[in-house]
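Colleague: Let's see this in three dimensions:
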Amino acid sequence: MAAGRWPWLLVVAWVSGVAAASSSSSSQTGSSQKFINCMPCSKRYVADAFDTFTSQLAQHRDLAETSDSADSCKGLDYDLGVPVLSELHRQLVGEGSHRRLVYHVKFVNCADAMVNFLDSNDANLVVIENLPNGVFADPFELQHFVERKVFLDVAVFGDTNLELPSALSNRSTVEIHVDLALSASMSCNLVIDLPLHARYPPLDASGYATVEFGSPDMLLRYRKKDTLPDSCSWLLKDHDATSVEKAVWRIPCGDEAHIGFVSSITFLSALVCSISIVIAALFF
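Modeller: Down below sits the predicted model:
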């Protein structure tokens, strides 16, 4: 009789182990998005709210360092049914000096949960991409995306001088706001397209300059629709996604060995053109 109970005991132990593992996995998924802080509704950008960026963006401070214990945030941590990020992929698309950084974002257990969440909350996904030195985003070009309602809002912080070469420029950061309602209409998938441009790189014998992109910050910014204007605050959740695959851009550049030849041809061309202009002015 006792021997007959052993198979049942093994089955019960196995089921208990699976349930515990499932509970642990779901708790890890839930903890993968952390409540960071809140920000006044009067602030348009996360960077403005926490002064995360310096004037020249010498160093980007981790957003998770901001405290969630401020008095202004107490009682605002309503996270019931907040969408959870399940997948994030990023890749460089295109060739030459003008390319696009494309993000593919997917939410887990979306469907009805996303609709219910958006019924009671205004929400948008915030992407903060720290651009490496040698690459820039054109703020005027990005504003056209806002006008066409591709983005809710966008801003470029740091060095926005588009004419400087790589050696004389500083880093910049792009903050993009995307309406979360778009994901509900696209089966919980979002595709974000960020156009980028390469600056003139320093000379290199290899003929290429290599720049590498780090992992972006992904935040969910949301607020209750029935919040009073005088006490309105956005809540920020860090999606804390796993590190995305690195994006590497090899930018064509000049070879230092050819500088003498190119300089000579350029000088002779300028000299011939100048003489031609003088002759034309004297005789015609």
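Colleague: okay, residue 101: pLDDT?
Modeller: The model reports residue 101 with a pLDDT of 95.
Colleague: isn't there a strand covering it?
Modeller: Yes - if the criterion is DSSP: H, G, I helix; E, B strand; the rest coil, then residue 101 is within a strand.
Colleague: Just give the nearest non-adjacent residue to it, would you?
Modeller: Excluding its sequence neighbours, the residue lying closest to residue 101 (C-beta to C-beta, 6 or more residues apart in numbering) is residue 194, at 4.4 Å. To be clear about C-beta, it is placed using only N, CA and C from the backbone, and glycine gets the same treatment.
Colleague: Quick check: that neighbour is in a strand.
Modeller: Yes - counting by three-state DSSP, residue 194 is part of a strand.
Colleague: for it, what are its contacts?
Modeller: Contacts for residue 194 (C-beta atoms under 8 Å, 6 or more residues apart in numbering) come out as 100, 101, 102, 103, 127, 129, 137, 174, 176.
Colleague: Run a quick neighbour tally on the residue nearest to residue 246 when sequence neighbours are not counted.
Modeller: With C-beta to C-beta, 6+ apart as the criterion, residue 246 has its nearest non-adjacent residue at 5.9 Å, and that residue is residue 212. Residue 212 has 9 neighbours, counted by other C-beta atoms under 10 Å.
Colleague: neighbouring strands for the helix or strand that contains residue 212, and are they parallel or not?
Modeller: Using DSSP states H and E, residue 212 sits within strand 208-213. Strand pairing for strand 208-213, using DSSP bridges, gives strand 247-252 (antiparallel).
Colleague: Now do the partner strand: everything it contacts.
Modeller: Identification of contacts with strand 247-252 by C-beta under 8 Å, 6+ apart yields 90-92, 96-97, 99, 101, 134-135, 198, 201, 207-213.
Colleague: Only alpha carbons, please: show it as PDB.
Modeller: Extracted C-alpha coordinates of strand 247-252, given in PDB (Å, rounded to 0.1, in the frame of the first residue of the first chain):
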ATOM      1  CA  ALA A 247      24.500  48.300 -33.300                       C
ATOM      2  CA  VAL A 248      27.800  49.100 -35.000                       C
ATOM      3  CA  TRP A 249      28.200  51.700 -37.800                       C
ATOM      4  CA  ARG A 250      31.300  51.800 -40.000                       C
ATOM      5  CA  ILE A 251      31.400  55.300 -41.500                       C
ATOM      6  CA  PRO A 252      33.600  55.800 -44.600                       C
END
